[in-house]
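Q: mind folding the following:
(chains A and B)
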Amino acid sequence: MPRFLKEFFDRNGLGIGSLMLGLVLFWTIGLIIMPQLSMLDFSFRPNLPPPEIGGPKDVYTMENYKYLVFGPEGGSQDFNAVDLKVFYRTLIAAVFVTIFNLILCYPIAYYLAQTKGNHIRIFALMLIIPYWINEILRAFALRIIFGETGVLNNLLVAAGVFDTPFDFIRNDIALYAGLGYAYILLMIFPIYNVIESLDRNQIEAARDMGASWPMIHRRVVIPYAKPGISSGCTMVFMLSAGALAAPQILGGPSSLWFTQLIYQQFNDNSDWPQGAAYAVVLLVTCILLVLAVMRLFKVDMGDIGK
Amino acid sequence: MSAGVGVDLENLWIRFGDFVAVRDAKVHINGGDFFSFLGPSGCGKTTILRAVSGFLEPSEGQVLIGGKDMKGIGPNKRPTALIFQNLALFPLMKVWENITFSMEIKGASARERRKRADELLDMIALPDQGDKLPSELSGGQRQRVAIARALCAEPDVLLLDEPLSALDLKLRQHMRTELREIQKRVGITFIYITHDQGEALTMSDNIAVMRAGVIDQIGDGKTIYNDPSTAFAASFVGENNVFRGTVKQVQGDTALIATNRSGDLLARVSSANQGKMKAGDDAMMFIRPEAFALAPVGSEGDHFVTATVTNEEFEGNAFNIFMEGDGGKEMKVSLPNLGQSFDSHKGQSMTLQYDVQNAVALPAGDLATE
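A: Numbers count the residues shown, from 1 in each chain, chains lettered A, B, ... in the order given. As a prediction, the model looks like this:
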């Protein structure tokens, strides 16, 4: 038995230790790894009616992946331009949502972490309580705000900023606002956690030596907060790219999110293998992108867990 | 480096809500001085330092540096550098980057900075350690890096907030000497905050003794130790035997104190209180343990107390003898260890003789409780 396992059992006893280990293994293997592997398996199989599953036609194939790149066989186009464009746009949009979220949340996290007093708790509550409301309701609330006869348009038209209502939905502003808002906490709290442990004297020392505030953030606070920033960015990026409710409700009629395509394959077309292939492509691309960015900013995997 | 920029605190008040942290401080610090604020924790000494460095605006009064009012000037614009109690080195920067951070702010090139860092590293006797991270250094080395970092900014005034308190005894004593030497070499004003009277006495040109937001006495180490102006200063700095009583008679600079338990004793009125003590006032008389001479009963001098030896301790550099006088009055005598043979007098009655010049009469007041 490896030493860490022995220590684990020594500390917790055999009974509780086995129970805890069993639950964790069930969680990771039973609830995460196995379903994902079965999705992966699906993605390499043809879409067959139930009686033929396991029959002679049920062989591994790349057809589902080819479909994403080249479209239907014998189609009029060389590439599946529609789906690829959606895929590409989804990733770019998720990157922008992440950057926007970071710019918005870093000051909030810094303020929460470095200010003392009771009002900080109230601010934190004000951030948390909206998340008691479920995601769909929050999305519809934003639709009410951004709609053609919505609160915002009424205000802006009344104030004379626009002559006619501005279509926030068709211009995807509602979508980005919704996505940005949906994961704000996941960005704020990791950053807050790290900055809270930053010794205030370091900020004062930098200030004492003549550093301006931008300099203090660039050289002292941000390097220190890097693990929190990368952890927040990773989560927001992954979840934005994989969001379904916000694009479904807040997206304009012409802008599809890649997850909506996946959903259509599973639900409307009943083509699970095709949906699985799309989902796998999205997942793998996102992971590769995150790893690449982590390498670029010299972030260790261990830092993310901080 | 500009030698000798003085600092003045003029009628400085600092309040936090209803709490008065600093009460009407008036201090003149000579340019190029090693000046210490000495007091127990919570006495307001760090608050004063923060007001000088600019992290705190005084509620009333002024901070002058080099004769210039610092009102409205932020900590990043003042000619001061602060060394924090926990040093506050930047953990993610290498030692040389830490040291030259103030140059980086001004836009100096990496080459210039590296050169300056190497000079300063030589000065603090840490050559070739520039590429390490602060966490790879020992406590004393980190201490020196913090000093170098502060000096790199070429401040007129260096502020030190109990920087030695985290070090162990030996290193602390070593750093005292080193700090004093660095100060002499660079010739700038050092303002040092400490609760350790040993540090204050060994390093400082002048010391301000603080108690509960009030500055009790300002003077050089010898004056503070030999001629305290308040009961607090007398009891906080060094050890002292206290005799409470009332003034019976004042003649010139000596006062006859009717002590509560030890009879009438003659003492010198401290300089700050001459002419201010009169018959009938509550008074305290202080005699240092080392100012007593021990003699058998019967060989009395002019001024003495009689007491019984209750305990004896050998401390290495001195013998400490604990005595009990009339009414359970406890006293301590220290005899320097000069290699003499020491005979135990435990249980015996002895006389404690003293020279009137070494007994200080002060108005009664709060004593330090440490």
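
Q: ok, now how distant is residue A:20 from residue A:27?
A: 11 Å (CB to CB, to the nearest Å). No exception for glycine: its C-beta is placed from N, CA and C like everyone else's.

Q: for those two, list the residues in contact with both.
A: Common neighbours of residue A:20 and residue A:27, counting by CB atoms under 8 Å, 6 or more residues apart in numbering or on different chains, are absent.

Q: where do the helices of the stretch 1-150 of chain A begin and end?
A: A:3-12, A:14-25, A:34-43, A:63-70, A:81-114, A:118-128, A:135-146 (DSSP state H, counting those that start in this stretch).

Q: buried residues in the third one?
A: Of the residues in helix A:34-43, those scored as buried under the neighbour-count criterion (16 or more other CB atoms under 10 Å in any protein chain shown) are A:39, A:42, A:43.

Q: packing partners for it?
A: helix A:272-296 (3 or more CB pairs under 8 Å, 6 or more residues apart in numbering or on different chains; DSSP states H and E).

Q: quick one: name whatever helix or strand follows the helix it packs on.
A: helix A:301-304 (DSSP states H and E).

Q: quick check: which helices or strands does that following helix pack against?
A: Checking 3+ CB pairs under 8 Å, 6+ apart, helix A:301-304 ends up next to helix A:222-241.

Q: residues in chain A within reach of chain B, list them.
A: Counting by CB under 8 Å from any CB of the partner chain, chain A comes close to chain B at A:199, A:201-202, A:204-212, A:215, A:219-220, A:223-224.

Q: quick one: the residue of chain B found nearest chain A and residue B:166, what's the gap?
A: As assessed by CB to the nearest CB, chain A sits closest to residue B:88 within chain B, at 3.7 Å. Relative to residue B:166, residue B:88 is positioned 12 Å away (criterion: CB to CB).

Q: next, the buried residues of stretch A:210-221.
A: A:210, A:211, A:215, A:216, A:217, A:219, A:220, A:221.

Q: dump those into JSON lines; add pLDDT and secondary structure as well.
A: Formatted as JSON lines, those follow (pLDDT from 0 to 100; DSSP: H, G, I helix; E, B strand; the rest coil):
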{"residue": "A:210", "pLDDT": "88", "secondary structure": "coil"}
{"residue": "A:211", "pLDDT": "90", "secondary structure": "coil"}
{"residue": "A:215", "pLDDT": "93", "secondary structure": "helix"}
{"residue": "A:216", "pLDDT": "94", "secondary structure": "helix"}
{"residue": "A:217", "pLDDT": "95", "secondary structure": "helix"}
{"residue": "A:219", "pLDDT": "93", "secondary structure": "helix"}
{"residue": "A:220", "pLDDT": "93", "secondary structure": "helix"}
{"residue": "A:221", "pLDDT": "95", "secondary structure": "helix"}
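
Q: pull the most distant pair out of these.
A: A:210 and A:221 (16.5 Å; CB to CB).

Q: for the buried residues of helix A:34-43, which one is nearest chain B?
A: Among the buried residues of helix A:34-43, and counting by CB to the nearest CB, the member closest to chain B is residue A:39, at 40.5 Å.

Q: ok, the closest one touching residue A:281?
A: No: counting by CB atoms under 8 Å, residue A:281 is not a contact partner of residue A:39; they are 11.5 Å apart.

Q: if we can go back for a sec, residue B:88 and residue B:166: who's more crowded?
A: Using other CB atoms under 10 Å in any protein chain shown as the criterion, residue B:88 and residue B:166 rank with residue B:88 on top: 23 against 14.

Q: ok so that one is a helix residue?
A: No: assigned with DSSP: H, G, I helix; E, B strand; the rest coil, residue B:88 falls outside any helix and is coil.

Q: got any ranges where the stretch 201-350 of chain B has weak pLDDT?
A: B:299-300 (pLDDT under 70).

Q: all the strands of it, in order from the start?
A: B:206-211, B:214-219, B:241-251, B:254-259, B:263-269, B:282-287, B:293-296, B:304-314, B:318-324, B:330-336, B:349-353 (DSSP state E, counting those that start in this stretch).

Q: contacts for the lengthiest helix in chain B?
A: Using DSSP state H, we find that the single longest helix of chain B is helix B:169-186. Outside helix B:169-186, the residues that touch it by CB under 8 Å, 6+ apart are B:1, B:34, B:123-124, B:139-140, B:143-144, B:147, B:151, B:158, B:160, B:164, B:167, B:190, B:192, B:198-199, B:202-203.

Q: sitting in helices, which of the residues you listed do you find?
A: Per DSSP H, the contacts of helix B:169-186 map to helices at B:123, B:139, B:140, B:143, B:144, B:147, B:151, B:198, B:199, B:202, B:203.

Q: residues touching the closest residue to the fifth one other than its chain neighbours, list them.
A: Looking back up the chat, that one is residue B:144. Sequence neighbours aside, residue B:124 is the residue nearest to residue B:144 in space, at 4.0 Å (criterion: CB to CB, 6 or more residues apart in numbering or on different chains). Counting by CB under 8 Å, 6+ apart, residue B:124 makes contact with B:144, B:145, B:147, B:148, B:182.

Q: local confidence estimate at the fourth one?
A: The predicted local confidence for residue B:148 comes out at a pLDDT of 92.

Q: need phi/psi at the residue of chain B closest to chain A.
A: phi 50, psi 40 (degrees, to the nearest 10).

Q: near chain A, which residues of chain B show up?
A: B:53-55, B:74-77, B:80-82, B:84-86, B:88, B:90-93, B:101-102, B:104-106, B:149, B:153.

Q: shaky segments in chain A?
A: In chain A, residues with pLDDT under 70: A:75, A:304-306.

Q: ok, residue A:91 to chain B distance?
A: 31 Å (CB to the nearest CB, to the nearest Å).

Q: and that residue, how many neighbours?
A: 18.
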